[in-house]
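Student: coords please:
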Amino acid sequence: MGDSRDYATEIAAIKNHQEPVAKLWESGHPLWRPLGYIGAPGFLKLIPDRVAWTPILKICYGLMLVNLACGAMAALLIFDLSRRLAGNAAALIATILFVWGDAVLAYSQSGMPYVTGLSILILGVWWQLTARSEGWLAVAGPAALFGIAALFWLPYAIAIPAACCARRFVQVPGAGAQRMPWNRVLLSATVAGAVMAVGMGLTAILAGVRSVPDGLAWLTAAQHGLHQNRQAVRAITGSSRLFIELGRDGVYLKRFLFHDPYHPVNASSLIRYSLWKVALFYAFLVCALALAWLSKTGRRALAPLLLAGGLALPAAIAVFEPSSPERFLPVLPFLLLAVVASWPDKRSRHGITAVALTGVCLFAALLPVLNWPAFAERSSALHRRVSERLKGFRANAGPDDAIITVMPTEPLEDVDLLVFDPLNRPKGTRLVWAVNPMSAEAARWPVRLARSVEENWADGRNLWVEKTALGAQPADSLLWVEGDNPDLHWRDVPIFFRSLEFDRDIGGAEGFLRISRSQNNQERLAVMATVRP
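Tutor: Residues are numbered from 1 along each chain as shown. Reported below is the predicted structural model:
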């Protein structure tokens, strides 16, 4: 779900005149909040209370429905385009790869803009490749869609060069016979760039940008203060997440690479639990590239794929954080296009071609099996265990009390992200995470947390700390990795919390301690909250 609820919360606040309209216009997703703002009256009226029981959740659910509809449209377009290029078998494989890939599977069920932008990009590619006319509209129309896709999520700009030249390298039977000349490729890129530039310019003006410093601050705000290290290493698993849901596998890999002393992972365990999935993805990628290289039409389709991938990978490493699957979504349409364009006929299915084709088909067949557990999360033993912890907390704590969790990625936080889970009805438990290794100011977590405690106390809320925060070593369920961020060390976490005074204890070994509003605590936190860099 990511920031889905945050988007809905901001849209609802703007609708209720609690926030200025200028907050609709964010640089990373210029059109997403405005789309939710326009659709909010319909979402509030049509979505029943039994499905979404607050105005914020109705808006969030409406954004999810937009993504589901766009994802379905994109799947149909991929099937149709693939069928035209190589027949029904290729179309089926390409559609399975699209629908069951982890990034599309996950984000089509969220209120994030990635799938909507991707579907518009795919619509533009489909229009360009299937257009019978070779007139101006067949060039400018798809190009405008490429620019609009980037206005839903700015990194789709990475895909614009590849999308603009797709017809130069891939010809669909029954469409225009001639390859798109380079002057029209340039025209397409110009139109797409103009649409994106005008959209970004208007968005900046509506957001209140009036100077270069304002513009730089507006652009960098979309990063939400996140920053990671060892980007190239993280890209190894991040790219595989485009298709395979790795769950905790990334944690195992980091514990191995960083020699985590609290939860050591040896090579054999890493291979058995995690690396085989990553290896499976790269085996599929090798098969797909080999299949394309062995085909004349496939080699031509490699050009837009290599162009998109050659831009996306460095951008993910240098600009974004590459461990999230959406960073590689701009490459997905062109990877599928290369697979389909190189699909062999029955006469050429022999030798290396047969091996490569088998590898691609086998990977597609395994995807539903590998990614199905993502659907079963709510019925998992871990989810039931966390649910019992939260029910016990609510039975003993005040209705507005909050829990301090250690990490934003631990199971308690996961339940909070399941916004439509009955456990969060009528409202979820307020959670405050202590340490985020992805934050650019991760090392200053005690200062940020001290201020957060003071703010919650000022609002009349008591705060409880999960007992795992006081342990000599991090519980495995926290997904802590010692060395993931060189500025963070587990030893500092229990030292911080043991220095506080507590006045209530609930829930046993996996329970919670309430932070006392004693004079000692108030003085200690006040001093800590005023620390400067």
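Student: By residue count, which helix of this structure is the longest?
Tutor: Under DSSP state H, the helix in the chain containing the largest number of residues is helix 55-86.
Student: in that one, what counts as buried?
Tutor: By neighbour count, and taking 16 or more other C-beta atoms under 10 Å as the criterion, the buried residues in helix 55-86 are 55-64, 66-67, 70-71, 73-75, 77-79, 81-86. The C-beta positions use only the backbone N, C-alpha and C, and glycine is treated the same way.
Student: same question, stretch 416-426
Tutor: When neighbours are counted by 16+ other C-beta under 10 Å, the buried residues of stretch 416-426 are found to be 416-417, 419, 421, 423-424.
Student: what's the answer for stretch 33-47, then?
Tutor: Neighbour-count burial for stretch 33-47 flags 33-37, 39-40, 43, 47 (criterion: 16+ other C-beta under 10 Å).
Student: Report the two of the residues you listed separated the most.
Tutor: Using C-beta to C-beta, the two most remote members of those are P34 and I47, lying 19.4 Å apart.
Student: Can you pull out the low-pLDDT segments for the stretch 151-300 of the chain?
Tutor: Applying pLDDT under 70 to the predicted model, the residue ranges of the stretch 151-300 of the chain that meet it are 176-177, 222-235.
Student: Show me the chain divided up by domain.
Tutor: For the chain, whose domains are defined here by automatic domain parsing, the residue ranges read 4-374, 378-529.
Student: Please work out which of the ones you listed is packed deepest.
Tutor: A comparison of these by mean neighbour count, using mean count of other C-beta atoms under 10 Å, puts domain 4-374 on top with a mean of 19.
Student: residues touching T190, list them.
Tutor: Listed by C-beta atoms under 8 Å, 6 or more residues apart in numbering, the contact partners of T190 are A143.
Student: Next, find the distance separating it from L311.
Tutor: Distance, T190 to L311, using C-beta to C-beta, to the nearest Å: 18 Å.
Student: Please apply the same query to R272.
Tutor: As judged by C-beta to C-beta, R272 and L311 stand 35 Å apart.
Student: try I160
Tutor: When C-beta to C-beta is the yardstick, I160 and L311 sit 9 Å from each other.
Student: separation between C165 and G71?
Tutor: 26 Å.
Student: go on, E466?
Tutor: Computed as C-beta to C-beta, the E466 to G71 distance reads 36 Å.
Student: What of W464?
Tutor: For W464, the distance to G71 (C-beta to C-beta) stands at 39 Å.
Student: Could you list the low-confidence segments of the stretch 401-533 of the chain?
Tutor: Low-confidence segments of the stretch 401-533 of the chain, defined by pLDDT under 70: 531-533.
Student: which residue ranges form the strands in it?
Tutor: Secondary structure of the stretch 401-533 of the chain, counting by DSSP state E, counting those that start in this stretch: strands at 402-405, 430-433, 463-466, 502-506, 512-515.
Student: what sits against the closest residue to A365 other than its chain neighbours?
Tutor: In space, and not counting its chain neighbours, A365 is closest to I96: 7.8 Å by C-beta to C-beta, 6 or more residues apart in numbering. Applying C-beta under 8 Å, 6+ apart to I96 gives the contacts 364-365, 367-368.
Student: isn't A90 right up against S82?
Tutor: Yes - assessed by C-beta atoms under 8 Å, A90 is found in contact with S82 at 5.2 Å.
Student: Pull up the overlap in contacts between the two.
Tutor: Residues touching both A90 and S82 comprise V340, with contact defined as C-beta under 8 Å, 6+ apart.
Student: gap between the nearest residue to A443 once chain neighbours are set aside and Y156?
Tutor: In this structure, A443 finds its nearest non-sequential neighbour in D487, 3.9 Å apart by C-beta to C-beta, 6+ apart. D487 sits 33 Å away from Y156, going by C-beta to C-beta.
Student: Same question for D414.
Tutor: If you measure D414 against Y156 using C-beta to C-beta, the figure is 28 Å.
Student: I'd assumed D102 was in contact with R241.
Tutor: Yes - R241 is within contact range of D102, at 5.6 Å (criterion: C-beta under 8 Å).
Student: Between those two, which contacts overlap?
Tutor: With contacts taken as C-beta under 8 Å, 6+ apart, the residues that reach both R241 and D102 are P325.
Student: C-alpha coordinates for stretch 170-181, PDB please?
Tutor: The C-alpha trace of stretch 170-181 is given here as PDB (Å, rounded to 0.1, in the frame of the first residue of the first chain):
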ATOM      1  CA  VAL A 170       9.000  -3.500 -34.400                       C
ATOM      2  CA  GLN A 171       6.400  -4.000 -37.100                       C
ATOM      3  CA  VAL A 172       3.000  -5.400 -36.400                       C
ATOM      4  CA  PRO A 173       1.300  -7.400 -39.300                       C
ATOM      5  CA  GLY A 174      -1.600  -5.500 -40.700                       C
ATOM      6  CA  ALA A 175      -0.400  -2.100 -39.400                       C
ATOM      7  CA  GLY A 176       1.600   0.400 -41.500                       C
ATOM      8  CA  ALA A 177       4.200  -1.500 -43.600                       C
ATOM      9  CA  GLN A 178       7.000   1.000 -43.300                       C
ATOM     10  CA  ARG A 179       9.200   1.500 -40.300                       C
ATOM     11  CA  MET A 180       8.900   4.800 -38.600                       C
ATOM     12  CA  PRO A 181      11.500   7.200 -40.100                       C
END
